[in-house]
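**Student:** Return a 3D structure for these sequence lines:
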Amino acid sequence: MENITLNLDGSFISKQEMENIKSEIIAAHELLLNREGVSSDMTGWIDYVDRIGDEYEEIMSAKEYIKDKCEAFIVLGIGGSYLGAKAAIEAIRGDFHNEIEKPAVYFAGQNLSGSYLKKLKEVVSNKEICLIVISKSGTTIETALSFRVLKELMEEKYMDESKKRIFVVTDKNRGALKKISDLNGYKTFVIPDDIGGRYSVITPVGLLPMAFANLNVQEFLNGLKSGAEEYKNSCFDENICCQYAAARNILNRRGKEVEILVNYEPSCISIAEWWKQLFGESEGKEGKGLFPASLNFTTDLHSMGQFVQEGRKIIFETTLNIENRRDDMVVPFDDRDFDGLNYISGKPFSYINQKAFEGTFMAHSEGEVPGIIINVPEMNEYYLGKIFYFFMMSCAISGYTNNIDPFTQPGVEHYKKNMFSLLGKR
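**Tutor:** Numbers count the residues shown, from 1 in each chain. Down below sits the predicted model:
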């Protein structure tokens, strides 16, 4: 297997700058691997793939059980409880996958829109459905309210059999969802105590929906294992996680405030959504951190390209470059050539898309927008697992380098307190 590679040629970072920050990065990396940094009790994701144990077999057993019973399943969760699974399923199954592949996959519990939930019920009402409910506490309001509605739907549709069609990923011993599951006999899977939500895609939080969607979970785990082995290397020049964390911090200290994750495949949009939560919640503390944003090119070049090229110089770009794309098409020849594009007839779209990427990268470099490229050989389950691990490791290193705790999110509790007060909670 080829490795994921990092290209910093367009980042405008000198060798001396990298040399100057190297000791900080290596120290952060060692703190992480030695479990000596802040919130070290939340670093279970580092070696989770080596201790998944019987959970994998239980996931595969659940997948086999629903195989002939489920035309569609709904994942209920918010934040890290659904973003990783959504990213993985869309990246592997592709655009329009619900129209092409079975079972179809829907998401709920990630908003407070009654309209969204009503329309979802209409969509699935005539399908054979299963639910996956993901919440460590079981009291997260978006997910809990959606579960109330969809649990009622399941009980009306399937009566006592509904208990066998509802699968729960929650705390091992405590919480509202655990109590409900024990009372009703739902099959449960465990969110480990030592892994926080935004790092949980590698646990049943992500693995169970991936399995139900017929992704190759074993290959995903193989990619995780490869990443865990490769990125524990303490040699800065051989570890792209350390190099990426260093580049981000150098550019941030130079005054860059926004990192944009760019991709050129619509099926990778949700990877960027997962990445935004990972870095936003991990680094946005104590007045520190880059603002994580994302753009989907070439689409967004026709809306945001002008600002990136000539707007405020607060941005740098990180491009997720999928080198070998699947399901390609060739540009047909047109006898009349009204659009003047016959000069690229016979060329695959992937070739044209690649040239768009190269041309954009050149233009933005000329516009003094630093660019980092993460080259992924292809988008399959193996490389998906590895890219998830790469970003998680890089994020944790970056947080420790900035002297912040990358495993907490105290700020998000403030809006909840206000909301519950306004709702009249006592």
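
**Student:** Helix, strand, or coil at Ile372?
**Tutor:** Under DSSP: H, G, I helix; E, B strand; the rest coil, Ile372 falls in the strand class.

**Student:** Next secondary structure element downstream of the helix or strand hosting Ala246?
**Tutor:** Ala246 belongs to helix 240-253 when elements are defined using DSSP states H and E. Per DSSP H and E, helix 240-253 leads on to strand 258-263 as the next helix or strand towards the C-terminus.

**Student:** Can you mark which positions in that following strand are buried?
**Tutor:** By neighbour count on 16 or more other CB atoms under 10 Å, the buried set for strand 258-263 is Glu259, Ile260, Leu261, Val262, Asn263. C-betas here are computed from N, CA, C, even on glycine.

**Student:** mind putting those residues in TSV, distance to Leu423 and pLDDT included?
**Tutor:** Converted to TSV, those look like this (distance: CB to CB, whole Å; pLDDT from 0 to 100):
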residue	distance to Leu423	pLDDT
Glu259	35	98
Ile260	36	98
Leu261	35	98
Val262	39	98
Asn263	38	96
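
**Student:** Put the alpha carbons of the helix holding Ala246 into PDB.
**Tutor:** Output of helix 240-253 as PDB, limited to C-alpha atoms (Å, rounded to 0.1, in the frame of the first residue of the first chain):
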ATOM      1  CA  ILE A 240       3.500  13.800   8.300                       C
ATOM      2  CA  CYS A 241       1.300  14.400  11.300                       C
ATOM      3  CA  CYS A 242       4.100  16.300  13.000                       C
ATOM      4  CA  GLN A 243       4.800  18.200   9.800                       C
ATOM      5  CA  TYR A 244       1.200  19.200   9.200                       C
ATOM      6  CA  ALA A 245       0.800  20.300  12.800                       C
ATOM      7  CA  ALA A 246       4.000  22.300  12.500                       C
ATOM      8  CA  ALA A 247       2.900  24.000   9.300                       C
ATOM      9  CA  ARG A 248      -0.500  25.000  10.700                       C
ATOM     10  CA  ASN A 249       1.100  26.500  13.800                       C
ATOM     11  CA  ILE A 250       3.700  28.400  11.800                       C
ATOM     12  CA  LEU A 251       1.100  29.900   9.600                       C
ATOM     13  CA  ASN A 252      -1.200  30.700  12.600                       C
ATOM     14  CA  ARG A 253       1.700  32.500  14.400                       C
END
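
**Student:** Summarise which helices and strands that helix is packed against.
**Tutor:** In this structure, helix 240-253 packs against strand 5-10, helix 15-33, strand 371-378, helix 381-401, with contacts taken as 3 or more CB pairs under 8 Å, 6 or more residues apart in numbering; DSSP states H and E.

**Student:** could I get these as a markdown table with distance to Phe189?
**Tutor:** Shown next, in a markdown table, are the helices and strands packed on helix 240-253 (distance: least, CB to CB, whole Å):
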| stretch | distance to Phe189 |
| --- | --- |
| strand 5-10 | 34 |
| helix 15-33 | 26 |
| strand 371-378 | 29 |
| helix 381-401 | 18 |
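
**Student:** Buried deepest among these, which one?
**Tutor:** Scoring the helices and strands packed on helix 240-253 by mean neighbour count under mean count of other CB atoms under 10 Å gives helix 381-401 as the most buried, with a mean of 25.

**Student:** How far off centre is it?
**Tutor:** Distance of helix 381-401 from the chain centroid (CA atoms, centre = their mean, to the nearest Å) equals 10 Å.

**Student:** Does anything pack onto that helix? Which helices or strands?
**Tutor:** helix 15-33, helix 83-93, helix 217-230, helix 240-253, helix 269-283, strand 371-378.

**Student:** who touches the second one?
**Tutor:** Put plainly, it is helix 83-93. For helix 83-93, contacts defined as CB atoms under 8 Å, 6 or more residues apart in numbering pick out 75, 77, 97, 100-101, 105, 107, 198, 200-201, 205-206, 209-210, 213, 215, 220, 267-271, 273-274, 277, 379-381, 384, 388.

**Student:** Which helix or strand lies directly C-terminal to the helix or strand encompassing Phe147?
**Tutor:** Element membership of Phe147 [criterion: DSSP H and E] is helix 141-158. Moving toward the C-terminus from helix 141-158, the next helix or strand (DSSP H and E) is strand 166-170.

**Student:** tell me what that next one is packed against?
**Tutor:** strand 129-134, helix 176-184, strand 187-190, helix 204-212.

**Student:** Which neighbouring elements make contact with the first one?
**Tutor:** Looking back up the chat, that one is strand 129-134. So strand 129-134, by 3+ CB pairs under 8 Å, 6+ apart, packs with strand 72-76, helix 141-158, strand 166-170, helix 204-212.

**Student:** phi, psi of Thr298?
**Tutor:** phi -90, psi 0 (degrees, to the nearest 10).

**Student:** Just give me the neighbour total for it.
**Tutor:** 15 (other CB atoms under 10 Å).

**Student:** Gln277 too?
**Tutor:** Counted with other CB under 10 Å, Gln277 comes out at 17.

**Student:** What of Leu83?
**Tutor:** 27.

**Student:** Setting aside sequence neighbours, what's the nearest residue to it?
**Tutor:** In space, and not counting its chain neighbours, Leu83 is closest to Trp274: 4.2 Å by CB to CB, 6 or more residues apart in numbering.

**Student:** send the alpha carbons of stretch 176-191 over as CSV?
**Tutor:** Only the C-alpha atoms of stretch 176-191 are listed here, as CSV (Å, rounded to 0.1, in the frame of the first residue of the first chain):
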residue,chain,number,x,y,z
ALA,A,176,-30.6,7.8,30.2
LEU,A,177,-30.1,5.9,26.9
LYS,A,178,-28.5,3.0,28.7
LYS,A,179,-31.5,2.8,31.1
ILE,A,180,-33.9,2.9,28.2
SER,A,181,-32.0,0.2,26.4
ASP,A,182,-31.9,-2.1,29.4
LEU,A,183,-35.6,-1.6,30.0
ASN,A,184,-36.6,-2.3,26.4
GLY,A,185,-34.0,-4.9,25.5
TYR,A,186,-32.3,-3.0,22.8
LYS,A,187,-28.9,-4.3,21.5
THR,A,188,-26.2,-1.9,22.8
PHE,A,189,-22.7,-1.0,21.9
VAL,A,190,-20.2,0.9,24.0
ILE,A,191,-18.7,4.3,23.6
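
**Student:** Can you tell me what sits against that stretch?
**Tutor:** The contact list for stretch 176-191 (CB under 8 Å, 6+ apart) reads 55, 58-59, 62, 133-139, 144, 163-164, 166-172, 200, 203-205, 208.

**Student:** If anything else comes up later, I'll come back, but that's it for now.
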